[in-house]
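**Student:** model this:
(one chain, ligands or ions: 1)
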Amino acid sequence: MKFSKEHIDHSPLVDGVFKVSARAKAEAATLGEDQVVNATIGSLYSEDGKLVALNTVFDTFNAIENTQKAKYAGGITGNADYRAQVYNWVVQDVKLDLAHSVVATPGGTGSIDSTLVNILDAGQTVVLPDIAWGSYKLMATMANLKVKNYSMFDGDHFNMDSFKQVTTEVMEEQGKVLVILNAPCHNPTGYSLSDEEWNELVLYMNEISKKGPFVLLNDIAYIDYSYNLPASRDYMKHFNDIEENVMVIIAFSCSKTLTSYGLRCGASVILAKQEESVKEVEILFEKHARACWSNVPNAPMVNFVEVTTKKLKEFNEEKQYYIDLLKERSDLFKKEADECGLSYYPYKEGFFVTIKVEDKDLLDKYHEALMDQHIFTVKVNKGIRVGVCSISVAKCKGLAYKMKEVLDSIQ
Ligand code: PLP
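**Tutor:** Numbering: from 1, shown residues only. Model prediction:
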């Protein structure tokens, strides 16, 4: 007998990160912090091993009046000034000649879930990258969607052929496509598409959309840690070329941008050629919000607007320090990996580097063997994720060499 609904996957949630991270912490407590590398954590940590909570963000938050913290949001789709500022923030200097709307969501997760649930009907197929943030698949299965994967890479580049082939297949099958692309700063590989790749992608979307609606969900959770920040939105200019049957939904998250993971604030930026298309989706997103979380917490929205307008200069300076730090850590790790021949997926920028291990058995063995050497990482499809966001420069030093040694010892 079942109390819960029938047509759903009933297996318990598997949280690969939590278990490994708990073991890393237990070992650090007995062996000493310096004996353990805990590269499982996906949040930004300082050089002294503490979670970064940007002062410009939290000093501003703490100064928000209690009544602002207490009250409901100004609307189900979010506060008007928040919605306007999210749009400004997401597109920055890019002039978009498209209809648009912004709907506030609890984090990027809320935006992705809302898109999956409202763009596709249960039983349809969403297209995901084969190497991806695990929650996409979970959200898809909870929405009773099927999943098809495109392969992320062809050598050192985005696998455009696979993207095209799988989305074409799905278009033939169901007359509609929803596909997720997490870039720039892809989790878990740190890949960002080149300008040419974006251009080709948009041309392809236009072509295939002659057969039916094509929705690209562009997850930009880590964009504000791009190494060339002023150019990080340049690719969005290609969205100006989309035709009537193409929609782009940008999933924005304050979690990483403001180091405010727990404040649960984000947004969907809906872009299309025609106002009616944007409105059609906005209506469903608004009703979905009302039905699921009602409204996004008010204070985090107020905070985002304050930080990114009145405190912008200080905020950018404070965050830039950590972008530089991420670069220092990832440069060091990559340099040593190159020296010793440890192969990793094409990393450009972002929180994670992923070691390439395509064989499933070897991957399982490697992940365990690393733990035996007190190196804790996250096993992802076809690789081992190393969170350079959370390990100090000192711990990055020599890490690639150690990881290569462990790999050689089991092969
Ligand atoms: N997208 C990716 C790729 C992520 O890694 C995350 C968080 O880890 C998110 C979106 C959304 O995070 P949040 O719901 O905290 O905004």
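**Student:** I'd like to know how many residues surround the residue of the stretch 101-250 of the chain found nearest the ligand.
**Tutor:** Going by C-beta to the nearest ligand atom, the ligand is nearest to G107 of the stretch 101-250 of the chain, at 2.7 Å. All C-beta spots, glycine's among them, are computed from the backbone N, C-alpha and C. G107 has 24 neighbours, counted by other C-beta atoms under 10 Å.
**Student:** I figured it was touching F252, is that so?
**Tutor:** No. Using C-beta atoms under 8 Å, G107 makes no contact with F252, being 9.6 Å away.
**Student:** For the protein, which residues are neighbours of the ligand?
**Tutor:** Contact residues, the chain versus the ligand (C-beta under 6 Å from any ligand atom): 42, 107-109, 133, 182, 187, 219, 221, 253, 255, 261, 266.
**Student:** Recalculate using a threshold of 8 Å.
**Tutor:** By C-beta under 8 Å from any ligand atom, the residues of the chain that approach the ligand are 42, 106-112, 132-133, 135-136, 182, 186-187, 219, 221-222, 251, 253-256, 261, 264-266.
**Student:** Return the residues in contact with the residue lying closest to the residue of the stretch 101-250 of the chain closest to the ligand once chain neighbours are set aside.
**Tutor:** Distances taken as C-beta to C-beta, 6 or more residues apart in numbering put G266 closest to G107, at 4.4 Å, once the chain neighbours are dropped. The neighbours of G266, taking C-beta atoms under 8 Å, 6 or more residues apart in numbering as the test, are 104-111, 251-255.
**Student:** Run through the bridge partners of G266.
**Tutor:** Going by DSSP bridges, G266 is paired in beta bridges with T105, S253.
**Student:** could you check the distance from it over to Y82?
**Tutor:** Distance of G266 to Y82, given as C-beta to C-beta, to the nearest Å: 11 Å.
**Student:** any shared contact partners between these two?
**Tutor:** A104.
**Student:** related to what we said a few turns ago, selection in ChimeraX covering whichever of the residues of the chain next to the ligand are buried, please.
**Tutor:** Filtering these down to the buried ones (16 or more other C-beta atoms under 10 Å) takes a single ChimeraX command:
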select :42,106,107,108,109,110,111,112,132,133,136,182,186,187,219,221,222,251,253,254,255,256,261,264,265,266
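**Student:** So which of the residues of the chain next to the ligand belong to strands?
**Tutor:** N182, D219, A251, S253, G266 (DSSP state E).
**Student:** For the ligand, see how far away V305 is.
**Tutor:** For V305, the distance to the ligand (C-beta to the nearest ligand atom, to the nearest Å) stands at 17 Å.
**Student:** Need the pLDDT of that residue.
**Tutor:** Model confidence at V305, given as pLDDT, is 98.
**Student:** What of T109?
**Tutor:** Value listed for T109 in the pLDDT field: 98.
**Student:** So it is in contact with S135, correct?
**Tutor:** Yes. Between T109 and S135 there is a contact at 6.6 Å, judged by C-beta under 8 Å.
**Student:** Buried residues in stretch 213-230, which are they?
**Tutor:** Neighbour-count burial for stretch 213-230 [16+ other C-beta under 10 Å]: 213-227, 229.
**Student:** Distance-wise, check the nearest residue to F58 once chain neighbours are set aside relative to I112.
**Tutor:** Spatially, and ignoring its direct neighbours in sequence, F58 is nearest to S260 (7.9 Å; C-beta to C-beta, 6+ apart). Note on S260: its distance to I112, by C-beta to C-beta, is 18 Å.
**Student:** same thing with G78?
**Tutor:** G78 is 17 Å from I112, by C-beta to C-beta.
**Student:** any idea of the mean pLDDT for stretch 231-238?
**Tutor:** In this model, stretch 231-238 carries a mean pLDDT of 98.
**Student:** sorry, that was for stretch 353-372
**Tutor:** On average, stretch 353-372 scores 97.
**Student:** Show me where the stretch 101-250 of the chain has its strands.
**Tutor:** For the stretch 101-250 of the chain, applying DSSP state E, counting those that start in this stretch gives strands covering 125-129, 146-150, 153-154, 157-158, 177-182, 214-219, 246-253.
**Student:** Between these, which one is closest to L332.
**Tutor:** For L332, the closest of the strands of the stretch 101-250 of the chain is strand 153-154, at 23.0 Å, according to C-beta to C-beta.
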